[in-house]
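Chemist: Give me the fold of what follows.
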Amino acid sequence: MDKLNILWTTDNKDTVFNMLVMYATNSKKNQWWQDVNVIIWGASAKLVGMDTQVQTEVLEMINNGISIEACKACCDNLGVTDTLTKLGVNVRYMGVALTDYIKSGEKILTI
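Modeler: Numbering: from 1, shown residues only. Okay, the predicted model is just below:
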């Protein structure tokens with residue numbers, strides 16, 4: 001399978017706009033990867049939950065066919081579960097899922 005998982009842990013907005021969103025969107029649009037999946041984990045969950053500009057970018061990625069998941073434990077701890085769910089993010093416990101991605105040989109890019 002030609003899939004890239006981007007593990008997004010940073011709350012640095014410069015990195016979000018000038019790397020994560022650009023690379024994920026261009027990867028999908030230009031078919032560098034058949035499937036692009038972004039995993040929101042840790043500090044990025046709070047950033048997405050609290051920043052409307054970042055939320056707009058998340059919606060745009062979803063509209064461009066990029067799947068987005070988020071760690072439920074992190075979202076619950078940071079009080080942003082409802083916000084991310086309403087955006088269309090698949091909020092779920094990610095420990096087993098990430099382990100499965102790695103064990104199955106899927107590509108993981110960590111930011």
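
Chemist: how about Val91, secondary structure?
Modeler: Look at Val91: counting by DSSP: H, G, I helix; E, B strand; the rest coil, its state is strand.

Chemist: Trp32 now?
Modeler: coil.

Chemist: Show the pLDDT at it.
Modeler: Reported pLDDT at Trp32 in the predicted model: 97.

Chemist: mind checking how far Ala70 is from Asp76?
Modeler: Plainly put, Ala70 is 10 Å away from Asp76 if you go by C-beta to C-beta, to the nearest Å. Glycine gets a C-beta too; all of them are placed from N, C-alpha and C.

Chemist: more neighbours, these two?
Modeler: Ala70 (27 against 13; other C-beta atoms under 10 Å).

Chemist: Does that one fall in a helix, a strand, or a coil region?
Modeler: strand.

Chemist: Quick check: beta-bridge partners of it?
Modeler: With DSSP bridges applied, the residues forming beta bridges to Ala70 are Ile40, Val91.

Chemist: Confirm for me that it is in contact with Val91.
Modeler: Yes: using C-beta atoms under 8 Å, Ala70 is in contact with Val91, at 4.8 Å.
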